[in-house]
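> need the 3D shape of this:
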Amino acid sequence: MEPLPQPSLESLSTVRADGSRRYVYTADVSGRFATVRRASSAVLLAVYLALPWIPVNGYPAVFLDVENRRFHLFGLTLAAQDMWLLFFLISGLGFSLFFVTALFGRVWCGWACPQTIFLDHVYRRIERWTEGDAVRRRALQAAPLGPVKILRRTAKHALYLLVSAVVAHMFLAYFASVPSLWRMMEAAPTEHWSAFVFIGTLTAVLYFNFAWFREQLCVVICPYGRLQSALVDDHSLIIGYDRTRGEPRAGLREARDPKGGPAGDCIDCHRCVAVCPTGIDIRQGLQLECIACTACVDACDEVMDRIHRPRGLIRYDSQAGLGGRRTRWIRPRTALYGVLLAIGAGVATWALSTVRPANLGVTRMIGAPYIVDSAFVRNQFLVRIVNKSTEPRRFVLELDGARADIRRAGFTVPVEVPPLGEVVQPLVLQEPRPSYSGPFSFVVRVRDEEARFELDRKVRFLGPDLELLREADRDEGAGEARP
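I've put the predicted structure just below:
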């Protein structure tokens, strides 16, 4: 059996000296934080599985209908033209990440990251159920291939594949809806080959990640651990080891360390290392592999209870607090991140308030920007009205700021747009040539028939230079006057 790894700050705990992968056999842990994490993870898993099933205004609570370019979020429907709002979502997530990390360290990684939730509370539960605790799993790995090992490994990986397929199907449900997904599942794979390939690929990726790659995603690929060093400071809340209280380490029955001084509270049992999902030794200080999962806190508290010593040798605290200083929650970086977050939230709230249940687009037709004939100067537009509501609406088009002698063709009567549908029609504007006085701007305004809201777009009526047009008219009149 391979000996337990001895974590070091000079190397990754999951990598051997020759560069090969060292598999982490995480021991189970119980305690106050473990109980809360399991409960919160169960809630998050339930939310993930339930959102595609919960109807809001006739659609799932979260339905990213990419095919029809409609995005339904808890009753709010956004069209493709509303994708500029993603800027506020992405920037808001960034500012939130900076603010929360500066205050509470990697609380996202340990408590809400999907990688942690699925790995610790689904796949590792399956592993413990099929193969036993960490000691038994390590012994099974070292044992020769036999019926028991084959049976246990087959059961584990079969459940891994099943769970991966379920997660992949539920992920697709966010983009196709549950009824559509069910119809795809009932049909032959060739009828929906793209969805079939997507599900197969995603299932394979999930299986590879959670069955083998695991914590390497956090250590090798995820950039958050490296960003942590720039986002946290001595006053950020982290999982830390109280060296003042714990050092020097000594065995349980040793009252003094080998040098003759009094021993610290740490009995060097390595229980904190055994339960760490990334295999680090938290006693070596803050490390990029630490995901702040609190497993070491519960493990150490359990040991302290057994040996009748105070809890908190490993605890939530700042590096300043662990060093005996006062933690300052309000400091320049938290104030800056907080102000940026507040500004972003305010602007995002304003942006969402501008979202209307319909969209309007006015574009000039392809070709000449304007047409001049013997009677009129003509501009041709395409007007696109998108109805984002779940009921049909009738829209009325008006021209605001257009000249009185403008003649309009198209949209002369109310236009009905079906639910979540769109109408594209030409709008032709003509101004009599004798009264044309040059280009001008006006507003195309569309309102629903009940006047509950209106949309407008500023447009410019184009035409030739007025002097050139008059000169052409004089030349044409002179030509007609010649005998």
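> make it CA atoms for all contacts and neighbour counts henceforth
Fine.
> domain assignment for the chain?
If the domains of the chain are taken from automatic domain parsing, they occupy 1-355, 358-481, with pieces of a single domain joined by a plus sign.
> can I get stretch 361-375 in PDB? Just the C-alpha atoms.
Once side chains and other backbone atoms are set aside, the C-alpha atoms of stretch 361-375 remain, and they are given as PDB (Å, rounded to 0.1, in the frame of the first residue of the first chain):
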ATOM      1  CA  GLY A 361     -35.700  47.500 -34.900                       C
ATOM      2  CA  VAL A 362     -35.700  49.900 -37.900                       C
ATOM      3  CA  THR A 363     -33.100  49.400 -40.600                       C
ATOM      4  CA  ARG A 364     -32.600  50.900 -44.100                       C
ATOM      5  CA  MET A 365     -33.200  48.500 -47.000                       C
ATOM      6  CA  ILE A 366     -30.200  47.200 -48.800                       C
ATOM      7  CA  GLY A 367     -29.300  49.200 -51.900                       C
ATOM      8  CA  ALA A 368     -29.500  52.900 -52.600                       C
ATOM      9  CA  PRO A 369     -30.000  55.000 -49.400                       C
ATOM     10  CA  TYR A 370     -32.700  56.900 -51.200                       C
ATOM     11  CA  ILE A 371     -34.500  56.900 -54.600                       C
ATOM     12  CA  VAL A 372     -35.400  60.000 -56.600                       C
ATOM     13  CA  ASP A 373     -38.000  59.900 -59.400                       C
ATOM     14  CA  SER A 374     -39.900  62.500 -61.300                       C
ATOM     15  CA  ALA A 375     -42.500  62.900 -58.400                       C
END
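> quick one: mean pLDDT for that stretch?
Along stretch 361-375, the predicted confidence averages to a pLDDT of 91.
> stretch 220-234 too?
For stretch 220-234, the per-residue pLDDT values average out at 85.
> please report the distance of Val413 from Ala451.
With distances taken as CA to CA, to the nearest Å, Val413 is found 15 Å from Ala451.
> I'd like the domains of the chain laid out as a markdown table, including mean neighbour count.
What follows is the domains of the chain, written out as a markdown table (neighbours: other CA atoms under 10 Å):
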| stretch | mean neighbour count |
| --- | --- |
| domain 1-355 | 17 |
| domain 358-481 | 16 |
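> pLDDT weak spots in the chain?
Counting by pLDDT under 70, the chain contains low-confidence ranges at 1-11, 253-261, 473, 475-483.
> was I right about Ala402 contacting Ser441?
Yes: with contact defined as CA atoms under 8 Å, Ala402 counts as touching Ser441 (7.4 Å).
> show me where the stretch 201-350 of the chain has helices.
Secondary structure of the stretch 201-350 of the chain, counting by DSSP state H, counting those that start in this stretch: helices at 216, 224-231, 243-246, 271-274, 295-306, 319-322, 332-353.
> got a list of contacts for the fifth one?
Spelled out, it's helix 295-306. For helix 295-306, contacts defined as CA atoms under 8 Å, 6 or more residues apart in numbering pick out 29-34, 239, 271-273, 275-276, 282, 310-315.
> same thing but at 10 Å, please
Residues external to helix 295-306 that are found in contact with it (CA atoms under 10 Å, 6 or more residues apart in numbering): 27-35, 37, 110, 239-241, 265-267, 269-277, 281-282, 294, 307-316.
> so how far is that helix from its chain's centroid?
34 Å (CA atoms, centre = their mean, to the nearest Å).
> same check on stretch 344-356?
For stretch 344-356, the gap between its own C-alpha mean and the chain's C-alpha mean amounts to 19 Å (CA atoms, centre = their mean).
> then stretch 215-231?
Centre to centre, stretch against its chain (CA atoms, centre = their mean), the figure for stretch 215-231 is 17 Å.
> for it, which outside residues touch it?
Residues external to stretch 215-231 that are found in contact with it (CA under 10 Å, 6+ apart): 12, 14-15, 21, 23-24, 97-103, 105-106, 108-109, 115-116, 119, 209-210, 277-279, 286-291, 333-334.
> between the two ends of that stretch, how far is it?
22 Å.
> likewise for stretch 321-334?
Across stretch 321-334, the straight-line distance between its terminal residues is 17 Å, by CA to CA.
> check what contacts that stretch and list those residues.
With CA under 10 Å, 6+ apart as the test, stretch 321-334 has contacts from 98-104, 231-245, 313-320, 335-336, 338-340.
> still on that earlier bit, who touches both of Ala402 and Ser441?
Common neighbours of Ala402 and Ser441, counting by CA under 10 Å, 6+ apart, are 459-461.
> can I get these in a markdown table including distance to Trp53?
What follows is the shared contacts of Ala402 and Ser441, written out as a markdown table (distance: CA to CA, whole Å):
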| residue | distance to Trp53 |
| --- | --- |
| Val459 | 43 |
| Arg460 | 47 |
| Phe461 | 49 |
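> for those residues, which one is nearest Tyr370?
Phe461 (8.4 Å; CA to CA).
> wait, the closest one sits on Val444?
No: the pair Phe461 / Val444 is not scored as a contact, 11.3 Å apart, by CA atoms under 10 Å.
> common neighbours of these two, please.
The overlap between the contact sets of Phe461 and Val444 (CA under 10 Å, 6+ apart) consists of Ala402.
> just to revisit the earlier point, in strands only, show me the shared contacts of Ala402 and Ser441.
459-461 (DSSP state E).
> which parts of the stretch 101-250 of the chain are strands?
Defined through DSSP state E, counting those that start in this stretch, the strands belonging to the stretch 101-250 of the chain, from first to last, are 238-241.
> the stretch 351-483 of the chain too?
For the stretch 351-483 of the chain, the strands identified by DSSP E, counting those that start in this stretch occupy 358-364, 371-372, 376-387, 393-400, 407-409, 415-417, 422-432, 440-448, 454-461, in order along the chain.
> dump these to CSV, plus distance to Tyr174.
Rendered in CSV, the data for those read as follows (distance: least, CA to CA, whole Å):
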stretch, distance to Tyr174
strand 358-364, 23
strand 371-372, 48
strand 376-387, 22
strand 393-400, 27
strand 407-409, 42
strand 415-417, 26
strand 422-432, 23
strand 440-448, 31
strand 454-461, 30
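> contact partners for Tyr370?
Each residue near Tyr370 by CA under 10 Å, 6+ apart is listed here: 364, 377-380, 429-430, 461-464.
> how much space between it and Arg474?
Here the criterion is CA to CA. By it, Tyr370 lies 21 Å from Arg474.
> rewinding a little: compare the helices of the stretch 201-350 of the chain and give me the one nearest Asp133.
Proximity of the helices of the stretch 201-350 of the chain to Asp133 was assessed by CA to CA; the nearest stretch is helix 271-274, lying at 11.2 Å.
> mind exporting the C-alpha coordinates of that closest one to CSV?
Output for helix 271-274, consisting of C-alpha atoms alone and laid out as CSV, is shown next (Å, rounded to 0.1, in the frame of the first residue of the first chain):
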residue,chain,number,x,y,z
ARG,A,271,-6.5,14.1,10.7
CYS,A,272,-6.7,17.5,9.0
VAL,A,273,-4.7,16.1,6.1
ALA,A,274,-6.7,13.0,5.8
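> what helices or strands is that helix leaning on?
Using 3 or more CA pairs under 10 Å, 6 or more residues apart in numbering; DSSP states H and E as the contact definition, the elements that helix 271-274 packs against are helix 295-306.
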